[in-house]
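Visitor: could you look at this predicted model? Sequence included:
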Amino acid sequence: MAPVVSTTVSSLVLAISLAAAMIIFPAHAANPPPIFAFGDSLSDVGNNNALPDGFHANFAHYGVDFPGGVATGRFTNGYNFVDVIAKQIGFDQSPPPFVDVTEENLSVKQGVNFASGGSGILLECMDDTGTTKTCFTMREQIDNFKSVKTLLEKKIGADATKKLLSESLFLFTCGSNDLGYVIEHDLLNVEKFVANMNTTFSSQLRELYELGGRKFAVANVPDGGRIPIVQVLNNGPIEQFINFYAQAFNDAEAAMLGELSSTLPGMKYSIGNTYAVIVDATSNPEKYGLKNVVQPCCGEVALVNGEVELTPCSPTSRLCSNRSEYAFWDQIHPTYAVVKYAGEVFYSGDLAYAAPINLKQLVGDDQKAPRACGVSLRGVGSFEAM
């Protein structure tokens, strides 16, 4: 709860304080909308910690650049994608993981993070034996949102909850794990699988719309052919194959969102082009202050006798010292340097990075937000406290 201002404080002091606040945060909304985050490891802030056999990142060297050097369950060295978006919008910190939310501590103003590392649009979140749960499925994430909605209605009433959700930001990072799974396990049916991904995601978004969501921010699938575990193969056809289907899904997703918004009254959306961000960072590293866009900063990936040899990120694995100069944190995930860039151009970038409007326009910070870009990765090695 915010501290109560004493009635003895003069109006002049209050005016000065308010003016100072406006100077410090000129680009952010006075009351940023709550964020409800769904998806995978790009946005997971600790939900998987609750799964004994889930995909985990709550150990060193993960979180080495997070305040206090704490491994919270974020799959990178510092803040992750939803953290950056939350800061851009105006929050001091991103919404908490669903597994930590109770009826007593549920924040009406902040939102909740449901994202789970390893999840996807279609994935069942089970290991290959079908006996071990590894993450929370999108179905479970939506059901968890329903539970939160019920708590909100109990706390502030149905009408206030309806208004709150209509103004909230529904953020998604999903699809990469689905593509990775089908390429590895069912290569002959990739095209059919991608079509099913798009149809299913449309149904999931429609369900959340019916539950009250109106503003949807969707990060598209990044360029999977550029990640270290693929780059080490040095195989052009494989990279092209992966990227072909990533682009195919992204194109279908963009068309689907346009169609969905034309049929659902009041729905607005923004697509963050993470595909373009990864291409930028790996194709023109010097431009963004990067020096290594092939190897992971934590752990190692090598090709030995034609086989990929992986040393995962762990407390005992190799850790680079110049983390702001690496594009990738581990064999799959980007560093905070790249994540920060992605979040910034999604928020206020031009049509190459956010379409049909950017995130700033979507949340209403500035309906006439300039569509100029030019964000640099330089200087992101020093982490700000959120």
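Guide: Happy to help now that I have it.
Visitor: contacts only, for the closest residue to residue 268 other than its chain neighbours.
Guide: Closest residue to residue 268 apart from its sequence neighbours, by CB to CB, 6 or more residues apart in numbering: residue 215 at 5.3 Å. No exception for glycine: its C-beta is placed from N, CA and C like everyone else's. By CB atoms under 8 Å, 6 or more residues apart in numbering, residue 215 lies in contact with 33, 166-170, 268-269, 362-363.
Visitor: ok so residue 205 is a helix residue?
Guide: Yes - the assignment for residue 205, made by DSSP: H, G, I helix; E, B strand; the rest coil, places it in a helix.
Visitor: pull the contacting residues for it.
Guide: Counted by CB under 8 Å, 6+ apart, residue 205 has contacts 213, 216, 257, 260.
Visitor: hang on, the earlier thing: okay, the residue nearest to residue 268: pLDDT?
Guide: Per-residue pLDDT puts residue 215 at 99.
Visitor: what do you get for residue 11?
Guide: Taking residue 11 on its own, its pLDDT is 36.
Visitor: which residue ranges of this protein form strands?
Guide: With DSSP state E as the criterion, the chain has strands at 35-39, 111-113, 169-173, 215-219, 268-272, 292-296, 300-304, 307-311, 326-328, 354-355.
Visitor: follow-up on the earlier one: out of the contacts of residue 215, which is nearest to residue 297?
Guide: The closest of those to residue 297 turns out to be residue 169 (CB to CB; 29.9 Å).
Visitor: so that closest one sits against residue 89, correct?
Guide: Yes - shown here, residue 169 and residue 89 form a contact pair, counting by CB atoms under 8 Å, at 7.2 Å.
Visitor: spit out the residues that contact these two alike.
Guide: Common neighbours of residue 169 and residue 89 (criterion: CB under 8 Å, 6+ apart): 33, 35, 359, 363.
Visitor: weed out the non-buried ones from these.
Guide: 33, 35, 359, 363 (16 or more other CB atoms under 10 Å).
Visitor: hey, what's the second one bridged with?
Guide: So that's residue 35. Following DSSP bridges, residue 35 is listed with bridge partners residue 111, residue 169.
Visitor: I figured it was touching residue 109, is that so?
Guide: No - here residue 35 does not reach residue 109: they are 10.2 Å apart, not a contact under CB under 8 Å.
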